[in-house]
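Trainee: My questions concern the predicted model and sequence given below.
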Amino acid sequence: MGAVATWAHRAFYGGAAELALRPSSDARVAFLAAGGSVDGHPGMRVEATAQFLVLPTTKTGVSPYAGVGIAYVGSRAYHGTGVLVVLLGCESAAGRRRSWFGEVGLGDGLRLRAGWRWRWFPGWWAP
């Protein structure tokens, strides 16, 4: 859960929910849906990104990551657009069950995101 904002030709501000899966210990595939405002009109943003985790099992400190993907931003006021997304982020202790995160990147302009992650690890996955 978190907040996302982009500043470009049309600005987007909103709240977001994300579902992410780890196909391997150092990779994450994330799907994000955000609702909010596009230039003062109700709008949405959806994203799919592939992310590389630099320190995937660390239980202390800050863990950096990077990603690339695609997004769609739209509202009733205009037809919307698909964009390429590139991001750099960091999160506290990627191997723990809860942590904060922050991202900066490009995707329909400057993209900022911050929030809180709750993780569920299956019993067979030993961080």
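Mentor: In hand now; what should we look at? Numbers count the residues shown, from 1 in each chain.

Trainee: Excluding sequence neighbours, find me the nearest residue to residue 92.
Mentor: residue 99 (4.1 Å; Cβ to Cβ, 6 or more residues apart in numbering). (Each C-beta comes from the backbone N, C-alpha and C, glycine too.)

Trainee: So what sits opposite that neighbour in the bridge?
Mentor: residue 117 (DSSP bridges).

Trainee: Thought residue 90 was touching it, still the case?
Mentor: No: counting by Cβ atoms under 8 Å, residue 99 does not reach residue 90; the two are 9.9 Å apart.

Trainee: Show me the common contact partners of the two, please.
Mentor: When contacts are counted by Cβ atoms under 8 Å, 6 or more residues apart in numbering, residue 99 and residue 90 have no shared neighbour.

Trainee: which of the residues in the host helix or strand of residue 4 are buried?
Mentor: Element membership of residue 4, judged by DSSP states H and E, is strand 2-7. Across strand 2-7, burial judged by 16 or more other Cβ atoms under 10 Å covers 2, 4, 5, 6.

Trainee: Max pairwise distance over the residues you listed: which two?
Mentor: Using Cβ to Cβ, the buried residues of strand 2-7 reach their maximum pairwise distance at 2 and 6, which is 13.7 Å.

Trainee: what sits in contact with each of these two?
Mentor: By Cβ under 8 Å, 6+ apart, no residue touches both residue 2 and residue 6.
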